[in-house]
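Student: What follows is a predicted structure for the sequence shown.
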Amino acid sequence: GQSLEQPSEVTAVEGAIVQINCTYQTSGFYGLSWYQQHDGGAPTFLSYNGLDGLEETGRFSSFLSRSDSYGYLLLQELQMKDSASYFCAVRGNPGSARQLTFGSGTQLTVLP
Amino acid sequence: DSGVTQTPKHLITATGQRVTLRCSPRSGDLSVYWYQQSLDQGLQFLIQYYNGEERAKGNILERFSAQQFPDLHSELNLSSLELGDSALYFCASSVGDSYNSPLHFGNGTRLTVT
């Protein structure tokens, strides 16, 4: 099967930089994605890494190292609105590579 | 607004009952996914359909079933409901079935079983 590990909580101050790590175990890897979810809201797609390296989208960047089964989401110039849960997710399991499995999520709290 | 519509937004029902959750994907999206999110839990994958066919199945209980219709909307049926089925049920859609297709989530149906 698949498993993902990410920290349950992270706290940072407005304007700071925060990194949310994700390690995964999966049979057959087809990319690492990141999603953001505000309390009670719909998850929204942030980024996808299919190959090693850094992907940058505005204040958010995501990194992948397939050899280390590791990735991270980097949030820069933190704003209060970034307070949310962040989920890493992988595709790939023995049964179907199309299944997207989510980690348990990291609750980010941004303090003023 | 993701363009994915889920109805109803809230559902309160009793144990043993059966409910149907409905999802309309974004225009043009062929894949529909169902996820369950319990309180303070992650998103548990239930099932995926692509253009009417079942593509992937997660840890979906036998009491649960789903289908995708020719107009691409999908329904998730939950029967013999138990207290533990209380959760937020999300539907998501994507354009295709490729590995890098981002999922677009609806606002969810909050199910409360009493």
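Tutor: Yep, that arrived. Numbering: from 1, shown residues only, chains lettered A, B, ... in the order given.
Student: name the element B:R55 belongs to?
Tutor: For B:R55, the host element (DSSP states H and E) is strand B:53-57.
Student: cool, B:S101 as well?
Tutor: Following DSSP H and E, there is no helix or strand that holds B:S101.
Student: quick one: it and B:S94 touch, right?
Tutor: Yes - the criterion here is CB atoms under 8 Å, and B:S101 meets it with B:S94 at 4.0 Å. (Glycine included, C-beta is placed from N, CA and C.)
Student: so what strands line up beside the helix or strand bottoming out on mean pLDDT in chain A?
Tutor: Ranked by mean pLDDT, DSSP states H and E, the helix or strand of chain A with the weakest confidence is strand A:100-102, at a mean of 88. Note on strand A:100-102: by DSSP bridges, its sheet partners are strand A:84-91 (antiparallel).
Student: Please compute how far the strand it pairs with lies from its chain's middle.
Tutor: 4 Å (CA atoms, centre = their mean, to the nearest Å).
Student: just to revisit the earlier point, have a look at B:S101 and B:S94 and say which one is more surrounded.
Tutor: More neighbours surround B:S94 than the other of B:S101 and B:S94, with 23 against 20 (other CB atoms under 10 Å in any protein chain shown).
Student: contacting residues around residue 107?
Tutor: You didn't say which chain, so I picked chain A. By CB atoms under 8 Å, 6 or more residues apart in numbering or on different chains, A:Q107 lies in contact with A:8-10, A:84-85.
Student: wrong chain, I was asking about chain B
Tutor: A:41-42, B:6, B:9.
Student: Could you dump those residues into TSV with secondary structure added?
Tutor: As requested, these are exported to TSV (DSSP: H, G, I helix; E, B strand; the rest coil):
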residue	secondary structure
A:G41	coil
A:A42	coil
B:Q6	strand
B:K9	coil
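Student: Give me the buried entries from those.
Tutor: In terms of neighbour count (16 or more other CB atoms under 10 Å in any protein chain shown), the buried residues within the contacts of B:N107 are A:42, B:6.
Student: need the contacts of B:N107 in TSV with distance to B:Q36 and pLDDT, can you?
Tutor: Below are the contacts of B:N107 laid out as TSV (distance: CB to CB, whole Å; pLDDT from 0 to 100):
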residue	distance to B:Q36	pLDDT
A:G41	16	93
A:A42	14	96
B:Q6	13	98
B:K9	16	97
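Student: out of the contacts of B:N107, who's nearest A:L108?
Tutor: Nearest to A:L108 among the contacts of B:N107 is A:G41, at 14.2 Å by CB to CB.
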